[in-house]
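J.: sharing a sequence plus its predicted fold:
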Amino acid sequence: MAAGPIGGALAGWRQRRSVSLRELADRTGQSPQWLTALEEGGEWVDRRGLLASLALALRLDVCDLTGQPYPPG
């Protein structure tokens, strides 16, 4: 299954920041399995708070994960 836009962006940023799945899981309270599924396109982000916690854990703006020029409303 192909990664979705947020999952693909998350995987790319996580690798650029040299953050392991375990470390990201610890920072966000999500399981490494769920994060893997998100990065691979098998899961999606359905809450703004979760999206914000993923961005914060990688020291990003939410827009960096969504690809939108503005935060989701």
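T.: That came through fine. Here the structure is a predicted model, which is why all the values come from computation and not from measurement.
J.: apart from its neighbours in sequence, what residue is nearest Ala52?
T.: Val62 (5.9 Å; C-beta to C-beta, 6 or more residues apart in numbering). In short, each C-beta sits where N, CA and C put it, glycine included.
J.: pLDDT score assigned to the one you found?
T.: With respect to pLDDT, Val62 scores 91.
J.: for Gly73, same thing?
T.: pLDDT, Gly73: 57.
J.: check Pro69 too.
T.: At Pro69, the pLDDT recorded in the model is 70.
J.: mind checking the SS state of it?
T.: Of the three states, Pro69 takes coil under DSSP: H, G, I helix; E, B strand; the rest coil.
J.: need the contact list for it.
T.: Cys63 (C-beta atoms under 8 Å, 6 or more residues apart in numbering).
J.: show me which parts of the biggest helix by length in the chain are buried, residue by residue.
T.: Criterion DSSP state H: the longest helix present in the chain is helix 5-16. For helix 5-16, the neighbour count (16 or more other C-beta atoms under 10 Å) marks Ile6, Gly7, Gly8, Ala9, Leu10, Ala11, Trp13, Arg14 as buried.
J.: neighbouring contacts of it?
T.: Under C-beta under 8 Å, 6+ apart, the answer for helix 5-16 is 3, 21, 24, 35, 38-41, 43-45, 51, 54, 58, 60, 64-67.
J.: that one: what's the following helix or strand?
T.: Sequence order places helix 21-28 as the next helix or strand after helix 5-16, per DSSP states H and E.
J.: got the angle for that following helix vs helix 5-16?
T.: Here helix 21-28 runs at an angle of 110 degrees relative to helix 5-16 (axes from the mean of the first three to the mean of the last three C-alpha atoms, to 10 degrees).
J.: toward the C-terminus, what is the element adjacent to helix 21-28?
T.: Following helix 21-28 in sequence, per DSSP H and E, is helix 32-40.
J.: give the buried residues for that following helix.
T.: Leu35, Leu38, Glu39.
J.: not counting sequence-adjacent ones, nearest residue to the last one?
T.: In other words, Glu39. According to C-beta to C-beta, 6+ apart, the nearest residue to Glu39 is Ala11 (4.1 Å).
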